[in-house]
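1. below are the sequence and a predicted model; questions follow.
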Amino acid sequence: MATHVAFLRGINVGGHHKVPMKDLKVLLKSLGLREPGTLLASGNAWFEADEEDPAVLQDQLAGALEARFGFAVPTIVRPASEVVAVHDGGHPFAADAVDPRFLHVYFLGAVPEPDPDKTPDGPETLELRGAELFVHYVHGAGKSKLTTDRIERWLGVTATSRNWNTVGKVADKVR
């Protein structure tokens, strides 16, 4: 049995794609996943599963979410140990950030092979480490043109972002 973390993209934003966390926990249990937990209403969940392959769990959860709520929810599932390792490895731009809320991690659906000539322009600082993209949004993510859609087009993989503080809270929950 292994603990996994699911990051759901684009739910409960601006009143769209509502997925109540209590309903998400019920859905996780209905899939045979044990000890589900959630953090915030932005799609951070963890659970224990007999299945160890995150890709299998990711597909299972994404399909169940669409069937239950009627819309696709891009879903990234990682072993809890990987999420803890991402956090414990530190954010490469932590020393540069005046405000830690400007530090984000994009969890990617696969390890991308980006074209360095197509790296997005802008003031943001980026570092790709395997299936995570670390970003320092110099002026904040809300003021940036570097959106999840742009990152997905650049890298060619599904992505979902979490603020560095949230990554720390999730890592603490699954330790």
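-> Noted; the coordinates are in hand.

2. can you spell out the domain ranges of the protein, please?
-> Under automatic domain parsing, the residue ranges defining each domain of the chain are 2-82, 84-174.

3. reformat those domains as JSON lines; add mean neighbour count and mean pLDDT.
-> C-betas here are computed from N, CA, C, even on glycine. Converted to JSON lines, these look like this (neighbours: other Cβ atoms under 10 Å; pLDDT from 0 to 100):
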{"stretch": "domain 2-82", "mean neighbour count": "17", "mean pLDDT": "94"}
{"stretch": "domain 84-174", "mean neighbour count": "16", "mean pLDDT": "94"}
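
4. is it true that Asp88 touches Arg175?
-> No: taking contact to mean Cβ atoms under 8 Å, the distance of 9.5 Å between Asp88 and Arg175 leaves them out of contact.

5. just the element for Ala55, please.
-> Assigned by DSSP states H and E, Ala55 belongs to helix 54-69.

6. then His104?
-> In this structure, His104 sits in strand 103-108 according to DSSP H and E.

7. and the contacts of that strand?
-> By Cβ atoms under 8 Å, 6 or more residues apart in numbering, the list of residues contacting strand 103-108 from outside reads 7, 76, 78, 86, 91, 93-94, 97, 131-137, 141, 148, 151, 155, 157-164, 167.
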